[in-house]
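> sequence and predicted structure below; questions after.
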Amino acid sequence: MEHSKILEILTSSDEYVSGQALARTLGVTRQAVWKEINALRDRGFQIESVPNRGYRLGSMPDYLVAEAVKRELNTAIIGSELTVLDSVGSTNDYLKQLGNNGCKSGTVVAAREQVSGKGRLGRVWKTKKDENVMFSVLLRPKMAPSEVSAVTPLAGLAVCKALREFTGLDCRIKWPNDVIVGRKKLVGILTEMSAEFDAVEYIIIGIGINVNQSEFPEEIAHKATSLLLETGKKFDKNKLLAAVLNQMEAEFINSNLELSAGALEEYTSLCATVGKTVSFSRGGTKLSGIAAGVAENGELIVMFNDGTECRVNSGEVTAQGIY
Ligand code: BTN
């Protein structure tokens, strides 16, 4: 999406800003200001204009707009660089390119549409334009690859807490980091990393939240849901994205990307997998046991019938009664 300086100025002011002041600040003619105001109106921004007072921003369009997200952010790092793209293949892949070119830690890329969105385990993540919230966050922790295992549970915890607060829904986490409501998936998270043997270059946390989607394809309808389907209400995607980024900053940056005792306790109490019978594959064999808890590094502790236990750190775990 084209960046607009005028929009930035109007977004940061509650008062009317005169055409003359805008023209002077930007070093353009008043006619150029007027032209851009009309272009913004065509894009769905409601801009009031009053003779002798100037312009004031009314409502924002109901699709993702960088300035509208930034207005709600109270972060120092996450979202300090934030772009909303009209359409992209995958926000994770796009951000990887920015990462390789040295972008700042905390850079966020969101998209109104993804044409080849990626899910975990090589799956695809498909949604229609402007229905949902899809974005990726890049972090550059000064850590070894073996030390960043807390990112996955912390991401799930941050999104789950933000959505509980923003929507009032009883959101829970399906280990490791799906966010669910009841038995159905609301949020998927795909974390990717670029690292050398002993140092992480960057981590990308890609998040897809089903917000205003009213139906799902038949093959996933039994296990997927959206905020609209759960509440009957449409949500402001810009405010929602900002609420999630604010919570991610609190969870990630303030904890130095470590799963503190407090965060682990919170994660465990919100984790719907704990206490359930779970199944997973190991070395080609299907195993089943009870999810007894979550370890400090985010691994799932599974207890078998014979009293032995094992720890699961990746792959697909099915939890009885969920999916
Ligand atoms: C899952 O399989 O549950 C993970 C889904 C992750 C989807 C998000 S949408 C934004 C980001 N960009 C991608 O291509 N994927 C992630």
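That came in fine, so what should we check first?
> restricting to C-alpha, output stretch 61-77 in CSV.
Once non-C-alpha atoms are left out, stretch 61-77 reads as follows in CSV (Å, rounded to 0.1, in the frame of the first residue of the first chain):
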residue,chain,number,x,y,z
PRO,A,61,-11.5,1.9,6.1
ASP,A,62,-12.3,-1.6,7.4
TYR,A,63,-9.3,-3.2,5.8
LEU,A,64,-5.8,-3.2,7.2
VAL,A,65,-4.0,0.1,7.0
ALA,A,66,-0.5,0.7,8.5
GLU,A,67,-1.4,4.1,10.0
ALA,A,68,-4.5,2.8,11.7
VAL,A,69,-2.5,0.0,13.3
LYS,A,70,0.3,2.3,14.4
ARG,A,71,-2.1,4.7,16.0
GLU,A,72,-3.0,1.9,18.5
LEU,A,73,0.5,0.7,19.2
ASN,A,74,2.3,1.3,22.5
THR,A,75,5.4,-0.7,21.7
ALA,A,76,9.1,0.3,21.4
ILE,A,77,10.3,-2.5,19.2
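> write out the residues of the chain neighbouring the ligand.
Contact residues (CB under 6 Å from any ligand atom) of the chain with the ligand: 90-92, 114, 117-120, 123, 125, 134-136, 178, 188-190, 206-208. C-beta coordinates here come from the backbone N, C-alpha and C atoms, glycine included.
> cutoff 5 Å now
Listed as neighbours of the ligand in the chain under the rule CB under 5 Å from any ligand atom: 90-92, 117-120, 125, 134, 188, 190, 206, 208.
> okay if I get the residues you listed as a markdown table plus secondary structure and distance to Arg140?
Formatted as a markdown table, the residues of the chain next to the ligand follow (DSSP: H, G, I helix; E, B strand; the rest coil; distance: CB to CB, whole Å):
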| residue | secondary structure | distance to Arg140 |
| --- | --- | --- |
| Ser90 | coil | 20 |
| Thr91 | helix | 17 |
| Asn92 | helix | 16 |
| Gly117 | coil | 24 |
| Lys118 | strand | 21 |
| Gly119 | coil | 25 |
| Arg120 | helix | 23 |
| Trp125 | coil | 25 |
| Met134 | strand | 22 |
| Gly188 | strand | 24 |
| Leu190 | strand | 18 |
| Gly206 | strand | 16 |
| Gly208 | strand | 23 |
